[in-house]
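# Dropping the sequence and predicted coords here.
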Amino acid sequence: MADPITTVHGTAYPWGAKNIDTDIIIPAHWLKTTTREGLGRGAFESVRAQAGNLFDDPRYAGSPILVAGENFGCGSSREHAAWALGDLGIKAVIAPSFSDIFSGNAFKNGIVTVVLPQDAVDRLVEVARDGSITVDLETMTVTTDHQDRLQFELDPFRRRCLMEGLDEIGLTLAQDTAISKYESQDAVYRPWIAGRGRYAGIAVGDGGRT
């Protein structure tokens, strides 16, 4: 189960860079790890190697939001990209567009991907330099300290999962009552499935001999 997300609020990295691929998000030499922990250290490694980069700027340290450019997360399908962002503390990424695979990986790891028009993203890059941003899944809006209010859309299924903290396992467990009811009924109609009744113990392919 993931942590439920209804709002993400705080400072934001005012990046806006376009076509950021997964190799920039987390370089390939970090993929040897078998755990998600610590990947934040490798996030945007090549960018952070540059003096004065915003990811090491104290003003944005620990920001839960990243404002990026179009086609964010393109390149390979490595889920480590979403893991690295999560370990860095990012809970929402705002951009004009995302790679489909990255968007899916982000959703599965509890990261909200917000799609807004380019002019809206440009505005957020500007206001994020000295203010905070709020992503609200209840109202489906992005708001700022400067009275901006931007509406966005999100797949209803993904929205529900994010707000309730449901992953694939959680979704299955939520159907526990229905599953148990079905198994009880199935045991009556097909007792051999449950290892009971007249056909219990018949080996597959023995022609019906016990």
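Noted; the coordinates are in hand.

# hey, let's count contacts and neighbours off CA atoms from now on
Noted.

# Would you mind measuring from Ser77 to Pro4?
25 Å (CA to CA, to the nearest Å).

# Pass me the low-pLDDT residue ranges in this structure, would you?
Along the chain, the parts satisfying pLDDT under 70 run over 1, 168-175, 194, 196-210.

# Show me where it has its strands.
7-10, 12-14, 65-67, 92-95, 112-115, 133-136, 141-144, 149-151 (DSSP state E).

# out of the ones you listed, which comes closest to Ser180?
strand 112-115 (32.8 Å; CA to CA).

# Paired strands for the closest one, with orientation please.
Using DSSP bridges, the strands paired with strand 112-115 are strand 92-95 (parallel).

# Contacts for the strand it pairs with next, please.
The contact list for strand 92-95 (CA atoms under 8 Å, 6 or more residues apart in numbering) reads 8, 16, 64-72, 111-118, 121, 135.

# Can you say which of those are buried?
Burial by neighbour count, judged by 16 or more other CA atoms under 10 Å, picks out 8, 16, 64-72, 111-116, 118, 121, 135 from those.

# biggest helix in the protein, by residue count?
Using DSSP state H, we find that the single longest helix of the chain is helix 176-189.

# What residues of it count as buried?
Applying 16+ other CA under 10 Å to helix 176-189 flags no residue as buried.

# Can I get it in PDB? Just the C-alpha atoms.
Output of helix 176-189 as PDB, limited to C-alpha atoms (Å, rounded to 0.1, in the frame of the first residue of the first chain):
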ATOM      1  CA  ASP A 176     -11.500  -9.500  -0.400                       C
ATOM      2  CA  THR A 177     -15.200  -9.900   0.500                       C
ATOM      3  CA  ALA A 178     -16.200 -10.600  -3.100                       C
ATOM      4  CA  ILE A 179     -13.300 -13.000  -3.600                       C
ATOM      5  CA  SER A 180     -14.100 -15.000  -0.500                       C
ATOM      6  CA  LYS A 181     -17.800 -15.200  -1.500                       C
ATOM      7  CA  TYR A 182     -16.800 -16.500  -5.000                       C
ATOM      8  CA  GLU A 183     -14.400 -19.100  -3.600                       C
ATOM      9  CA  SER A 184     -17.100 -20.300  -1.200                       C
ATOM     10  CA  GLN A 185     -19.700 -20.700  -4.000                       C
ATOM     11  CA  ASP A 186     -17.100 -22.200  -6.300                       C
ATOM     12  CA  ALA A 187     -16.300 -24.900  -3.700                       C
ATOM     13  CA  VAL A 188     -19.900 -26.000  -3.800                       C
ATOM     14  CA  TYR A 189     -20.300 -26.100  -7.500                       C
END
